[in-house]
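> Predicted model and sequence follow; I will ask about them next.
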Amino acid sequence: MSTRALYIGLMSGTSVDAVDAVLVDLASPAPSLVAAHSHPIADELRGAILKLCSGDVAGLPALGETHIALGEVFAQASLSLLKRADIAAEEVVAIGSHGQTIWHEPNGDKPFTLQIGDANTLAELTGITTVSDFRGRDIAAGGQGAPLAPLLHQHLFTSACTSRAIINIGGISNITFLNPATPPFAFDSGPGNVLMDGWIAQHRGRKFDENGSWASEGVVHRALIAKLRQDPFFSKAPPKSTGRELFNSAWLETKLESLDEPVAPVDVQATLAQLTIQSLVNALHEHGDPEEIYVCGGGAHNRTLMEGLANALATRTVGTTEALGIHPNWVEAIAFAWLAKQTLEGKAMETSGFTGARAPVVLGAIYQR
């Protein structure tokens, strides 16, 4: 019987809707998914996180307490996952925890990225070695610190004969270009679900637009989409990354206020969906028009987004990463389990085509069990 190498991957993305937790066997080059679990984030904690993400910090105690509380939730997610899989903590080599990004500023005078979800607490409560803080070293090496999931995309999804794009639609969208004839590269293309989530929460009291059903009822507002597309981020050359620091409710309200007429809320939602679609399609056209496009992340379940992409890319194959053997819900969490293994093995990661880092570096900090 072959020896297993079990790792846990934890991901809490821009949408702050849940902790994605996976247990994977990394004994072979291709990860084998053993178990997966979506662990809820309580509304009170989610509210505290979103307040921090807005830059409205009520002082260091709020930051510190939320940091610890989220570390406790990550531990609960890990232990629930192990219980579901009937696996003892002692059997797990390590946890790879992305943390929760609350601010990402890779282009300032002092570039930084800040993720919370205390890895000390996580390691202590689970008794499992934890690897976290994956993005900071990349920024120290001159990179954007994001996106990092393309490292796994490159490892798993590269074809020897076909050009592919792997699109992750979470709160923010990013694209990995995998062409057998050229080096891989990736970048954030713009908002994914983050603006749509915020808008439907404001007007319908829902956390997200299930299946994109509300967006499908509206009509794209031409003047608004033109205003949104004028943001310099969209024309900026890669490498580039973004987050709630730019694409947030205040940004959207500024654009709406600049119009000559009010826009019906349902039409705003339709327009935000089109912004995500259009920014992805434009990026694909500008960078080689890959033959196959595979989507992962929460946006893979948004029918409006998926149909919009398929219609705009009618001559291309458009599907989800399930066609490549990995369910779209778990790709990012698997990526951080896999990155934890690379960190423990001391492997420097080549991210220059993804983040612009000047040299390969070992990503992440290790917190021993």
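Right, received. Where do you want to start?
> From now on I want contacts and neighbour counts done on CA atoms only, so please keep to that.
OK.
> Of all the helix elements in this protein, which one is longest?
In the chain, with assignment by DSSP state H, the single longest helix is helix 60-85.
> Just list what that one packs against, helices and strands only.
Secondary-structure packing of helix 60-85 (3 or more Cα pairs under 8 Å, 6 or more residues apart in numbering; DSSP states H and E): strand 6-11, strand 18-25, strand 32-40, helix 43-53, strand 112-116, helix 119-126.
> which parts of that helix are buried?
Under the neighbour-count criterion of 16 or more other Cα atoms under 10 Å, helix 60-85 has 63, 66-82 buried.
> which one of the helices and strands packed on helix 60-85 lies closest to residue 356?
Closest to residue 356 of those, according to Cα to Cα: strand 112-116, at 14.6 Å.
> Which neighbouring elements make contact with that closest one?
Contact here means 3+ Cα pairs under 8 Å, 6+ apart; on that basis strand 112-116 packs against helix 60-85, strand 100-105, helix 136-140.
> next one: that strand to chain centre, how far?
Centre-to-centre, strand 112-116 and its host chain are 14 Å apart (Cα atoms, centre = their mean, to the nearest Å).
> Output it in CSV, but only the C-alpha positions, please.
The C-alpha trace of strand 112-116 is given here as CSV (Å, rounded to 0.1, in the frame of the first residue of the first chain):
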residue,chain,number,x,y,z
PHE,A,112,2.5,45.2,1.5
THR,A,113,-0.3,42.7,1.8
LEU,A,114,-2.1,41.9,5.0
GLN,A,115,-3.8,38.6,5.7
ILE,A,116,-5.4,37.7,9.0
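> rewinding a little: output the helices and strands packed on strand 112-116 as TSV; include the columns mean pLDDT and distance to residue 271.
Converted to TSV, the helices and strands packed on strand 112-116 look like this (pLDDT from 0 to 100; distance: least, Cα to Cα, whole Å):
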stretch	mean pLDDT	distance to residue 271
helix 60-85	97	33
strand 100-105	96	26
helix 136-140	98	33
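> on that earlier part again, wait, which of the helices and strands packed on helix 60-85 is closest to residue 322?
Here strand 32-40 is closest among these (Cα to Cα), at 12.7 Å.
> now the stretch 1-150 of the chain, which segments are flagged as low pLDDT?
Along the stretch 1-150 of the chain, the model assigns pLDDT under 70 to residues 1-2, 57-58.
> redo that, cut-off 80
Across the stretch 1-150 of the chain, the ranges flagged by pLDDT under 80 are 1-2, 56-59.
> And the stretch 151-300 of the chain, by the same measure?
For the stretch 151-300 of the chain, no range has pLDDT under 80.
> Quick check on residue 31: phi, psi?
Torsion angles at residue 31 (phi, psi; degrees, to the nearest 10) stand at phi -60, psi 140.
> Kindly apply the preceding question to residue 291 instead.
As for residue 291, its main-chain torsions (degrees, to the nearest 10) stand at phi -70, psi -30.
> Next, the residues that contact stretch 206-216 from outside, please.
Residues from elsewhere that reach stretch 206-216 (Cα atoms under 8 Å, 6 or more residues apart in numbering): 17, 196-198, 200-201, 266-267, 269-271, 273, 301-305.
> which of the residues you listed are buried?
17, 196-198, 200, 266-267, 269-271, 273, 301-305.
> Of the residues you listed, which is the nearest to residue 152?
Nearest to residue 152 among the buried ones among the contacts of stretch 206-216, counting by Cα to Cα, is residue 301 at 21.2 Å.
> got the contact list for that closest one?
By Cα under 8 Å, 6+ apart, the residues touching residue 301 are 210-211.
> at 7 Å what do you get?
Going by Cα atoms under 7 Å, 6 or more residues apart in numbering, residue 301 touches residue 211.
> do the same with residue 67
116-118.
> Go ahead and build a ChimeraX selection from the buried members of those residues.
A single ChimeraX command selects the buried members of the contacts of residue 67 (16+ other Cα under 10 Å):
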select :116,117,118
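> Would you format the contacts of residue 67 as JSON lines with distance to residue 296 included?
Listed next are those as JSON lines, based on distance: Cα to Cα, whole Å:
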{"residue": "116", "distance to residue 296": "24"}
{"residue": "117", "distance to residue 296": "24"}
{"residue": "118", "distance to residue 296": "27"}
